[in-house]
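Visitor: turn this into a structure:
(one chain, ligands or ions: 1)
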Amino acid sequence: METRGDYMCVNCGAKAPSLYKQHSPDVLRLYHCKKCENIVDKYVEYDTTIILIDIILQQHQAYRHILFNAGSKPFWKIAVILLLCDSYVLWINQEQKKTRKNFNQFQNFQLDWDIYIMALVTLIELVSFVLTVLIFTQLIRNKWRISYSTLVHAMIVGSCGKLMIVPALIWGQSGSYIYLGLTSFFVWLSLVHVYQAVCGVPQSVAFVTITCSQGIQYLIRCLLLMLMYV
Ligand SMILES: [Zn+2]
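Guide: Purely as a prediction, here's the structure:
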């Protein structure tokens, strides 16, 4: 960890050669940023629970710690789980529209091929969302010149609020429009903050980028569903 040289100060975004220096098995000294003179990454010493709480509170430093300094994470596995959550929500919405009833229990539906079609629709719309974000980012030339893979990872981290569908299933609220609306708002908020955190752009730019990308994602969803049910 002392020589990798590609860490980032979670406060100002400056490059840092290391996060800490280990003097002995029990003693380590956290590095201070040469630019802002704060500790490069205070989360090195923090418990995972505190980091998660800070992410829920939309702390940009916590996002930067996860994406730049915390080593490799199984982002693709999280992406698959998020895709399944999204597919399930879309499937529930379509089933409710078909039956015109407000079901609240997973058991009220019979599993059919529709859920696989919804998974395909969800995959296409998510790819379109990520591509739109990448195009926007290319146009605005983000301040810190982050890689595309980091940006994709940031979008995955920012979408983790979709996992709230799991407790909704347990509580029997998976068909509640209020619950789903609040979840969508939290995901949108998280995406705006994580984009701002990793790109170093003003909040207004992050707001426009994420809102427009989600708008295009929604349009593609409507188009695909319309083509399916004509
Ligand atoms: Zn700094």
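
Visitor: use CA for all of it now, contacts and neighbours both
Guide: Will do.

Visitor: what's the worst-scoring helix or strand of the chain on mean pLDDT packed up against?
Guide: Least confident element among the helices and strands of the chain, by mean pLDDT, DSSP states H and E: helix 165-171 (a mean of 78). The contact analysis (3 or more C-alpha pairs under 8 Å, 6 or more residues apart in numbering; DSSP states H and E) places helix 165-171 against helix 75-99.

Visitor: so the helix or strand just after the helix it packs on versus helix 75-99, what angle?
Guide: Downstream of helix 75-99, the next assigned helix or strand under DSSP states H and E is helix 114-140. Helix 114-140 and helix 75-99 are oriented at 120 degrees to each other (axes from the mean of the first three to the mean of the last three C-alpha atoms, to 10 degrees).

Visitor: what comes up buried for helix 114-140?
Guide: For helix 114-140, the neighbour count (16 or more other C-alpha atoms under 10 Å) marks 115, 118-119, 121-123, 125-126, 128-130, 132-134, 136-137 as buried.

Visitor: wait, which of these is closest to residue 152?
Guide: residue 130 (6.9 Å; C-alpha to C-alpha).

Visitor: chain neighbours aside, what residue packs nearest to the residue most central in space within the chain?
Guide: Residue closest to the average C-alpha location in the chain (C-alpha atoms, centre = their mean): residue 158, at 1.9 Å. Of all residues not flanking residue 158 in the chain, residue 191 sits nearest, at 4.6 Å (C-alpha to C-alpha, 6 or more residues apart in numbering).

Visitor: please state the offset of the particular helix or strand that has that neighbour in it from the chain centre?
Guide: Residue 191 belongs to helix 177-199 when elements are defined using DSSP H and E. Taking the mean of its C-alpha atoms, helix 177-199 sits 8 Å from the chain's own mean (C-alpha atoms, centre = their mean, to the nearest Å).

Visitor: show me what the helix or strand that comes right after it is packed against.
Guide: Per DSSP H and E, the first helix or strand lying C-terminal to helix 177-199 is helix 203-228. Helices and strands touching helix 203-228, by 3+ C-alpha pairs under 8 Å, 6+ apart, are helix 114-140, helix 177-199.

Visitor: residue numbers of this structure in contact with the ion?
Guide: Selection of the chain residues close to the ion by C-alpha under 5 Å from the ion yields 9, 12, 33, 36.

Visitor: just the buried residues of the residues you listed.
Guide: Using 16+ other C-alpha under 10 Å as the burial test, these include 9, 12, 33 as buried.

Visitor: now do stretch 48-64, average pLDDT.
Guide: Mean per-residue pLDDT for stretch 48-64: 95.

Visitor: which other residues reach that stretch?
Guide: Contact with stretch 48-64 is made by 8, 10-11, 43, 190, 193-194, 196-198, as judged by C-alpha atoms under 8 Å, 6 or more residues apart in numbering.

Visitor: domain parsing of the protein, as residue ranges.
Guide: 7-70, 75-101+109-228 (the TED database).
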